[in-house]
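[1] Please find the sequence and the predicted model below.
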Amino acid sequence: MAIGLMLAVLVGTNLLFPPVPDAPVAGAPGPAGTETEPPAAGAPGQPVGTGAVEVSEEDGAAGSQAETEAVELPPESEVYVEGPLYRYVFSTYGARLTRAELLRFPSLQGEGVVQLIPDGSSGLGHRIVMGADTVDLRGVPFEAEPPARLVLHDGDDPAVLRFAYQDSTSGLGVELAYTFRPDAYLVEVEGRVTGTGQRPLLLTDLGEGLSFTEADSTAEARMMAYVVNHLQDGIRATPLARVTEAQVINGPFFWTAFKSKFFVMAVLSRHGSSERQDDYLGGLIVEPAQGQYRARVAVTQPLTADGTFDFQLFAGPLEYARLSALGDDLEEVNPYGYRFIRPVVRPMVGIIMFCLNFLHNTLSVGYGWVLILFGVLMRVLLWPLYMKSMRAQMAQMRVQPLLKDIQTRHKDNPERLQKEMMKLYKEHGFNPLAGCLPMLLPWPVLIALFFVFQNTIELRGVAFLWLPDLSARDPLYILPLFLAASMFLLQFISFRSMDQSNPQMKMMMWIMPFFFGFMFMRFASGLNLYYATANIATIPQQIIVARERRKVRAVRVGGSGDDP
């Protein structure tokens with residue numbers, strides 16, 4: 001009866017007098033390792049005020065006993081870290097990163113600069129996993145040093161922001177140190193966990209994705225993804241739109257990251273030259289989040305025997321040189337091109353970007369004029385190859401009657417036909433591929449430029465004439481229409497110089513410009529500008545070739561060489 005009454009009092013008291021719903025909970029374990037769950041008001045990214053913490057203790061030797069004591073929590077405050085490149089905002093509750101602003105990149109969706117962390121979200125929240133128990137540190141109050149602001153100027157030495165939390169009940173202690181440099185987006189993170197009595201696992205939140213920062217949200221949404229670099233399996237990207245259920249991805253990883261069209265936030269291991277898997281990032285926990293193109297990603301990391309851990313945080317632009325300097329193929333977090341063409345596209349992108357930056361810096365002109373100049377220079381460089389291609393086509397026109405005669409006489413003998421054709425080519429010095437290969441050379445450049453405008457941060461937000469952004473589509477569709485007109489003009493000049501009407505070529509003359517104009521409407525305006533410029537620069541060459549064709553045709557019909 002006594003035990004029954006005691007249980008009735010315990011259960012009835014909890015039912016009649018439930019805990020205050022808006023009270024934040026420390027999240028520290030009791031002696032038995034139990035975890036108190038943080039209420040909604042203490043959730044990461046939400047404002048937390050003062051309140052009472054309810055701590056439950058069990059004494060196995062003396063029986064069950066409940067004790068409630070009120071603990072006054074300090075109010076949540078923010079710590080600002082500002083350097084020449086960035087402005088970070090940390091919350092003292094959970095030592096979480098709530099804002100990451102890139103001061104040199106304006107937001108193209110509104111006022112202000114690029115802010116990587118979506119509203120209502122946060123990153124770098126930590127949880128400690130000890131066997132079956134998890135201690136959530138994202139809602140507990142940390143002490144910060146300095147307590148309000150850390151400012152770095154050009155030329156300053158690295159500065160450190162420290163956070164510390166100590167739970168008097170369980171003895172759990174957590175120390176965090178963030179090291180910032182004024183000239184780098186890379187943040188060194190070190191920490192130590194004490195009072196656990198065992199070797200726990202650290203769970204670090206990367207957040208819920210990156211904010212939308214571009215004018216064209218549709219194109220940017222397609223680029224939203226989380227990316228991992230596995231120790232054995234390599235780099236793999238998963239679009240956030242495909243995250244529909246929770247999953248655990250086994251490590252170890254060199255790094256894991258969120259990426260958008262032009263920006264990235266990544267957590268990197270500091271393995272150095274170590275081959276021990278414990279020195280890399282562990283598994284990944286991925287869960288769907290509220291809102292489209294959002295997913296919660298957390299990465300695990302084993303603590304050392306003395307409870308220490310470290311990693312690196314990169315929150316910045318997708319600048320190839322800067323990411324490449326960090327190692328572990330981080331520059332491939334947003335790779336150029338599809339996997340099967342990267343070996344070809346990657347070197348060409350490097351060459352093209354070197355040329356564009358060289359012209360931009362040497363001539364001190366905008367990238368719009370650089371693209372026009374680059375288009376003209378490409379046609380000048382390809383002029384000899386193009387002329388060789390056109391003359392090969394004219395040579396083919398000259399041998400065409402002989403070729404048809406051979407095909408007619410030996411149509412029933414394929415082996416003899418092949419020998420006679422090779423003999424004809426040799427006698428006239430004609431290579432049937434000579435007219436095709438030079439024509440294909442501009443295409444790798446065009447394909448490489450397509451990925452340059454899709455991924456290169458240097459061209460983001462660069463205006464030219466009526467174009468607000470060379471990396472986005474032409475809002476007035478002037479360039480796609482001009483591109484289609486230039487293609488039609490080129491094909492019209494070529495068609496008029498043919499010695500006989502070709503129905504297929506005539507059909508292509510009308511269809512291809514329309515097709516390319518429609519296709520390029522959604523492409524970057526800078527790509528349209530380059531291609532249209534290259535077409536216009538080709539017109540004088542096309543006129544010269546047309547005149548040579550007319551001369552060849554006049555000779556064939558016994559004329560003087562003038563236009564018939």
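    Noted; the coordinates are in hand. Numbering: from 1, shown residues only.
[2] How are the strands of the stretch 1-150 of the chain distributed by residue range?
    Using DSSP state E, counting those that start in this stretch, the strands of the stretch 1-150 of the chain run over 78-82, 86-91, 96-106, 113-115, 126-130, 133-136, 143-145, 149-151.
[3] Out of the ones you listed, the one nearest residue 517 is which?
    Of all the strands of the stretch 1-150 of the chain, strand 96-106 sits nearest to residue 517, with 31.1 Å by CB to CB. In this view, the C-beta of every residue, glycine as well, is placed from N, C-alpha and C.
[4] mean confidence score for the closest one?
    On average, the pLDDT along strand 96-106 is 93.
[5] Counting neighbours, which bits of it end up buried?
    Under the neighbour-count criterion of 16 or more other CB atoms under 10 Å, strand 96-106 has 96-102, 105 buried.
[6] Mind giving me the packing neighbours of it?
    Judged by 3 or more CB pairs under 8 Å, 6 or more residues apart in numbering; DSSP states H and E, strand 96-106 is in contact with strand 86-91, strand 113-115, strand 263-268, strand 308-317.
[7] what's the third one packed up against?
    Contact here means 3+ CB pairs under 8 Å, 6+ apart; on that basis strand 263-268 packs against strand 96-106, strand 201-207, strand 253-259, strand 308-317.
[8] Return the list of strands paired to that strand, each annotated with direction.
    Here strand 263-268 has these sheet partners by DSSP bridges: strand 253-259 (antiparallel), strand 308-317 (antiparallel).
[9] List the buried residues for the last one?
    Which is strand 308-317. 309, 311-317.
[10] could you check the angle strand 96-106 makes with it?
    Strand 308-317 and strand 96-106 meet at an angle of 30 degrees, taking axes from the mean of the first three to the mean of the last three CA atoms, to 10 degrees as the criterion.
[11] Could you dump the helices and strands packed on strand 96-106 into TSV and include mean pLDDT?
    Compiled in TSV, these are given as follows (pLDDT from 0 to 100):
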stretch	mean pLDDT
strand 86-91	95
strand 113-115	93
strand 263-268	93
strand 308-317	92
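[12] Dump the ones you listed to CSV, plus distance to residue 187.
    Output for the helices and strands packed on strand 96-106, formatted as CSV (distance: least, CB to CB, whole Å):
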stretch, distance to residue 187
strand 86-91, 8
strand 113-115, 16
strand 263-268, 10
strand 308-317, 4
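[13] Is it correct that residue 488 is in contact with residue 508?
    No: contact status for residue 488 versus residue 508: not in contact, 10.6 Å apart, counting by CB atoms under 8 Å.
[14] who's more crowded, the two?
    residue 488 (18 against 14; other CB atoms under 10 Å).
[15] Does residue 219 touch residue 261 like I think?
    Yes: between residue 219 and residue 261 there is a contact under CB under 8 Å: 7.0 Å.
[16] Could you list the low-pLDDT ranges of the protein?
    Across the chain, the ranges flagged by pLDDT under 70 are 1-71, 272-278, 336-340, 389-401, 403, 424-442, 495-506, 549, 552-564.
[17] now with 50?
    Residues of the chain meeting the criterion pLDDT under 50: 19-70, 559-564.
[18] could you pull out the helices for it?
    2-16, 217-223, 320-326, 342-363, 367-409, 414-427, 437-440, 442-455, 478-496, 503-519, 525-556 (DSSP state H).
[19] how about these, which one is nearest residue 143?
    Of all the helices of the chain, the one in closest proximity to residue 143, counting by CB to CB, is helix 320-326 (31.2 Å).
[20] any chance of the buried residues of strand 96-106 in TSV, with distance to residue 210 too?
    Formatted as TSV, the buried residues of strand 96-106 follow (distance: CB to CB, whole Å):
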residue	distance to residue 210
96	16
97	13
98	14
99	13
100	9
101	13
102	11
105	13
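[21] Residue 256 against residue 235, yeah?
    No: Residue 256 is beyond contact range of residue 235, at 10.6 Å (criterion: CB under 8 Å).
[22] who has more neighbours, those two?
    Between residue 256 and residue 235, counted using other CB under 10 Å, the more crowded position is residue 256 (26 against 18).
[23] Show me what the more buried one is bridged to.
    Bridge pairing for residue 256 - DSSP bridges - gives residue 228, residue 267.
[24] Would you quantify the distance from it to residue 470?
    Separation of residue 256 from residue 470 (CB to CB, to the nearest Å): 31 Å.
[25] do the same with residue 319
    In this view, residue 319 and residue 470 are 17 Å apart by CB to CB.
[26] And those two? Which one has more around it.
    Ranked by neighbour count (other CB under 10 Å), residue 319 and residue 470 place residue 470 first, with 27 against 16.
[27] got the buried residues for stretch 448-456?
    By 16+ other CB under 10 Å, the buried positions in stretch 448-456 come out as 448-456.
[28] how does the chain divide into domains?
    Residue ranges for each domain of the chain read 78-334, 348-556, as given by automatic domain parsing.
[29] and of these, who's closest to residue 72?
    Per CB to CB, nearest to residue 72 of the domains of the chain: domain 78-334, 10.5 Å.
[30] so how far does the closest one reach from one end to the other?
    Terminal residues of domain 78-334 are spaced 32 Å apart (CA to CA, to the nearest Å).
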